[in-house]
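Colleague: Next input, structure requested:
(2 chains)
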Number of protein chains: 2
Amino acid sequence: MGGPELERLISLFAKLPGLGPRSARRIVLKLLRERETKLLPLADAIRAAAETVKTCSVCGNLDSCDPCTICASPSRDNAICVVETVADLWALERALIYRGRYHVLGGSLSALAGRGPEDIAIASLLMRLSADPPQEIILAMPATVDGAATGHYLAEKLKNFGIPISRLAQGVPMGGSLEVLDEGTLATALRARRVS
Amino acid sequence: MGGPELERLISLFAKLPGLGPRSARRIVLKLLRERETKLLPLADAIRAAAETVKTCSVCGNLDSCDPCTICASPSRDNAICVVETVADLWALERALIYRGRYHVLGGSLSALAGRGPEDIAIASLLMRLSADPPQEIILAMPATVDGAATGHYLAEKLKNFGIPISRLAQGVPMGGSLEVLDEGTLATALRARRVS
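Modeller: Purely as a prediction, here's the structure:
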């Protein structure tokens, strides 16, 4: 329908995360209806991003410069927050509370997926810690089985550096009603209760 | 975050229908992680579509050729199905039941949006009907207030051509449970009930 170019564009959009054939068709029709203001700018932006955005050789973040803006900033605290993905790094930056640097592992250890320590950016983290030891390491792993395993493994690996290591607190999320929370989260929040 | 190119790309994706900042970030990260297999093919496909896909000068469909594949096909029935958008045309084609040609109005008449008969492709439809009268006209307008108004207007305009005019049936959609249907649809389905 609509010729091979149109079909190919729709099928590529349909394979993006969260999209399917229906939403892809809707997006492509919108793009073609607004060629000058939507389609061509998007084509240019994709081309520009493909040419300029690179992975930071220090921390694994994505940025137009290498080292990335965060690694290059002189005003950042001398702490390293270890995250699984660039998306997690961005989420922490949006929270506007942490002012240190990051290290993106690029994945979690996973027995099921066959991902071992050599498959994620652990060696480069150890090298960074030896070369320029931070004052603190925060392990900001996701609260999943693989995330917890990765956290445990890293805590074990890193303890000889003598740097304070901490992890994100687990508990009731902001706005979370107890009624709809899973038992695991409730149990964790109860165990980690604080004197008020 | 991530430099101007990345931010621009995310903001363009976030403005596409059905997407927002969150899904746009997810899509852009996926594209950048799979540069060779996702980002560059998408950039090429957008460029190719921008260069080749055009609006059919006969019916208003989108295709790589003009007249479009449907208008150019000798095996199509000599009927014209009038639709509001290219998306509606594609939806009818997917139903695999209609084998005639189309006419895309590019919108409905709308008092609220200030769209009159000269703002949608009615003049070109009348010219088509005079030049090459079809055996049947199907008004496949959406079942909205504007769609119904457009249907009425067209039926009035077209009746002097002496061509049989029909509209899509309204009623209970396939798989539709009566319990969740709105009263308007139920009333229409009841009024238009058929002897079985």
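
Colleague: C-alpha only now, for contacts and for neighbours.
Modeller: Fine.

Colleague: Check what contacts the helix or strand where residue A:49 lies and list those residues.
Modeller: Element membership for residue A:49 (DSSP states H and E) is helix A:40-52. Contact with helix A:40-52 is made by A:63-65, B:5-6, B:8-9, B:12-13, B:32, B:35, B:39-40, B:43, B:46-47, B:50, as judged by Cα atoms under 8 Å, 6 or more residues apart in numbering or on different chains.

Colleague: All the helices of chain A, residue numbers only.
Modeller: Ranges of helices in chain A, per DSSP state H, are A:4-14, A:21-33, A:40-52, A:69-72, A:86-94, A:123-131, A:145-158, A:183-191.

Colleague: Show me the one of the ones you listed that comes nearest residue B:108.
Modeller: Of all the helices of chain A, it is helix A:21-33 that lies closest to residue B:108, at 15.7 Å by Cα to Cα.

Colleague: by contact count, what packs against that closest one?
Modeller: Helix A:21-33 is packed against helix A:4-14, helix B:86-94, with contacts defined by 3 or more Cα pairs under 8 Å, 6 or more residues apart in numbering or on different chains; DSSP states H and E.

Colleague: if we can go back for a sec, with mean neighbour count as added columns, please give the helices of chain A in a markdown table.
Modeller: Output for the helices of chain A, formatted as a markdown table (neighbours: other Cα atoms under 10 Å in any protein chain shown):
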| stretch | mean neighbour count |
| --- | --- |
| helix A:4-14 | 20 |
| helix A:21-33 | 18 |
| helix A:40-52 | 19 |
| helix A:69-72 | 18 |
| helix A:86-94 | 16 |
| helix A:123-131 | 14 |
| helix A:145-158 | 16 |
| helix A:183-191 | 13 |
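
Colleague: could I get the ones you listed as TSV with mean pLDDT?
Modeller: Output for the helices of chain A, formatted as TSV (pLDDT from 0 to 100):
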stretch	mean pLDDT
helix A:4-14	94
helix A:21-33	94
helix A:40-52	92
helix A:69-72	96
helix A:86-94	93
helix A:123-131	96
helix A:145-158	94
helix A:183-191	85
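
Colleague: Adding distance to residue B:163, write the ones you listed out as TSV.
Modeller: Formatted as TSV, the helices of chain A follow (distance: least, Cα to Cα, whole Å):
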stretch	distance to residue B:163
helix A:4-14	34
helix A:21-33	31
helix A:40-52	42
helix A:69-72	68
helix A:86-94	59
helix A:123-131	75
helix A:145-158	68
helix A:183-191	67
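
Colleague: Of those, which is nearest residue B:129?
Modeller: Nearest of the helices of chain A to residue B:129, taken as Cα to Cα: helix A:21-33 at 25.7 Å.

Colleague: Identify the residues contacting that closest one?
Modeller: Applying Cα under 8 Å, 6+ apart, the contact partners of helix A:21-33 are A:9-11, A:13-14, A:38-39, B:16-18, B:50, B:86-87.

Colleague: hmm, which two among the residues you listed are most spread apart?
Modeller: Taking Cα to Cα, no two of the contacts of helix A:21-33 sit farther apart than B:18 and B:50, at 21.4 Å.

Colleague: Closest one of the contacts of helix A:21-33 to residue B:107?
Modeller: If you rank these by distance to residue B:107 using Cα to Cα, residue B:86 comes first, at 9.9 Å.

Colleague: pLDDT value on the residue lying closest to the closest one once chain neighbours are set aside, please?
Modeller: In space, residue B:86 comes closest to residue B:61 once its chain neighbours are excluded; the distance is 5.7 Å by Cα to Cα, 6 or more residues apart in numbering or on different chains. For residue B:61, the pLDDT comes out at 96.

Colleague: picking up where we left off before, compute the inter-axis angle for the helix holding residue A:49 and helix A:21-33.
Modeller: Orientation check (axes from the mean of the first three to the mean of the last three Cα atoms, to 10 degrees): helix A:40-52 against helix A:21-33 gives 110 degrees.

Colleague: How is chain A partitioned into domains?
Modeller: Per automatic domain parsing, the structural domains of chain A span A:7-52, A:62-167.

Colleague: so residue A:166 makes contact with residue A:151?
Modeller: No: at 9.9 Å, residue A:166 does not count as touching residue A:151 under the criterion of Cα atoms under 8 Å.

Colleague: what do those two both touch?
Modeller: Taking Cα under 8 Å, 6+ apart as the criterion, residue A:166 and residue A:151 both touch residue A:139.

Colleague: returning to what we had before: can I get the helices and strands packed on helix A:21-33 in TSV including distance to residue B:134?
Modeller: Output for the helices and strands packed on helix A:21-33, formatted as TSV (distance: least, Cα to Cα, whole Å):
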stretch	distance to residue B:134
helix A:4-14	28
helix B:86-94	18
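
Colleague: So for residue A:78, which of those sits nearest?
Modeller: Of all the helices and strands packed on helix A:21-33, the one in closest proximity to residue A:78, counting by Cα to Cα, is helix A:4-14 (40.9 Å).
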